[in-house]
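Q: A structural model of the following input is requested.
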Amino acid sequence: MSGCGTTNAPSGGGEMAVTSPGGNIPAPPQIDRSKCSDKGKEIVTADTNLDKKPDVWKFFETTNQGGQKVQILTCKQVDLNHDGKLDEVYYYDDKGVTTTLEEFDLDFDGKFDLTVYYVNGKKVREELDTNFDQKPDIFKYYEDEKLVRVELDTNYDGKIDQWQYIENGKIDRIGYDTLGTGKVDKWDRAPEGDEGAPAEGAAPTDKGAAAPTDKGAPAKGATPAAATPPAATTPPAATTPPPAAKTTATPPPAKK
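A: Numbers count the residues shown, from 1 in each chain. A predicted model of the protein is given here:
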């Protein structure tokens with residue numbers, strides 16, 4: 001079932017807070033939020049579960065192209081669980097072909113938990129709200145559809161305090177803000193288990209150079225070798241076994 005009009009358009013709300021300028025969180029790409037406004041739009045609805053209530057709304061804007069009027073898709077809104085609240089929202093570019101922004105309510109509480117940004121049809125950023133306060137606390141950044149960096153606000157104060165850098169699909173290094181300055185003051189290199197990497201804070205050593213020792217003393221921290229045990233008091237066995245003792249007893253005859 002489908003229809004046209006503006007009265008059936010669901011209300012907005014539930015969006016996560018936009019990143020405030022001046023902090024240590026990079027600003028997201030600019031999005032035209034009017035794409036999902038019903039002002040000047042024609043709305044086509046669909047009822048996917050046949051309960052006589054719309055659960056999909058498509059917004060179309062009429063534009064002139066080459067002297068002809070053309071309807072361009074600007075927004076799509078979806079109520080997945082049919083509770084009257086939006087669960088998915090898609091913003092489209094000026095051609096109505098690719099999305100520029102996607103919003104999702106992952107736990108169906110009427111508030112968006114995940115926002116995904118696109119530039120030229122490619123995903124460039126994700127924002128996730130893990131404590132459900134309508135403020136993103138995990139930010140993921142993509143280049144050519146590959147995850148390259150994750151930034152976390154672990155104490156939910158609106159500032160990033162952990163930076164994870166991804167190379168070849170693995171975490172290469174993690175930076176921490178332990179002083180609350182908004183900048184990295186501690187690094188964890190190769191946190192995913194580079195066996196050849198020195199422990200954090202360890203002094204670098206020249207490859208191939210032996211650690212200096214004091215006249216054969218074990219290196220610091222090494223388990224000392226056991227002292228050479230004294231010679232055994234029992235004389236070693238002869239290399240040639242002595243001959244067996246002779247016996248004069250005659251063996252008994254075999255039983256018949």
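
Q: how deep is the nearest residue to residue 98 once chain neighbours are set aside tucked in, by neighbour count?
A: Nearest non-adjacent residue to residue 98, counting by Cβ to Cβ, 6 or more residues apart in numbering: residue 121, 4.1 Å away. In this view, the C-beta of every residue, glycine as well, is placed from N, C-alpha and C. For residue 121, the count of nearby residues is 11 (other Cβ atoms under 10 Å).

Q: any idea how far residue 121 is from residue 67?
A: To residue 67, residue 121 is 28 Å away according to Cβ to Cβ, to the nearest Å.

Q: mind showing which ranges of the chain have poor pLDDT?
A: By pLDDT under 70, the low-scoring segments of the chain are 1-13, 18-22, 193-256.

Q: domains of it?
A: According to automatic domain parsing, the chain comprises the domains 1-12+33-136, 143-195.

Q: can you map out the strands along the stretch 1-150 of the chain?
A: 2-4, 42-46, 56-65, 68-78, 88-92, 99-104, 114-119, 122-128, 138-143, 146-152 (DSSP state E, counting those that start in this stretch).

Q: Out of the ones you listed, which is the most enclosed?
A: Between the strands of the stretch 1-150 of the chain, strand 88-92 has the highest mean count of neighbours, a mean of 21, where neighbours are mean count of other Cβ atoms under 10 Å.

Q: I'd like the strands of the stretch 1-150 of the chain as JSON lines, with distance to residue 189 appended.
A: Below are these laid out as JSON lines (distance: least, Cβ to Cβ, whole Å):
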{"stretch": "strand 2-4", "distance to residue 189": "57"}
{"stretch": "strand 42-46", "distance to residue 189": "52"}
{"stretch": "strand 56-65", "distance to residue 189": "49"}
{"stretch": "strand 68-78", "distance to residue 189": "44"}
{"stretch": "strand 88-92", "distance to residue 189": "39"}
{"stretch": "strand 99-104", "distance to residue 189": "35"}
{"stretch": "strand 114-119", "distance to residue 189": "30"}
{"stretch": "strand 122-128", "distance to residue 189": "25"}
{"stretch": "strand 138-143", "distance to residue 189": "20"}
{"stretch": "strand 146-152", "distance to residue 189": "16"}
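
Q: Compare those and give me the one nearest residue 172.
A: Closest to residue 172 of the strands of the stretch 1-150 of the chain, according to Cβ to Cβ: strand 146-152, at 10.0 Å.

Q: the inter-axis angle of the closest one versus strand 138-143?
A: 160 degrees (axes from the mean of the first three to the mean of the last three Cα atoms, to 10 degrees).
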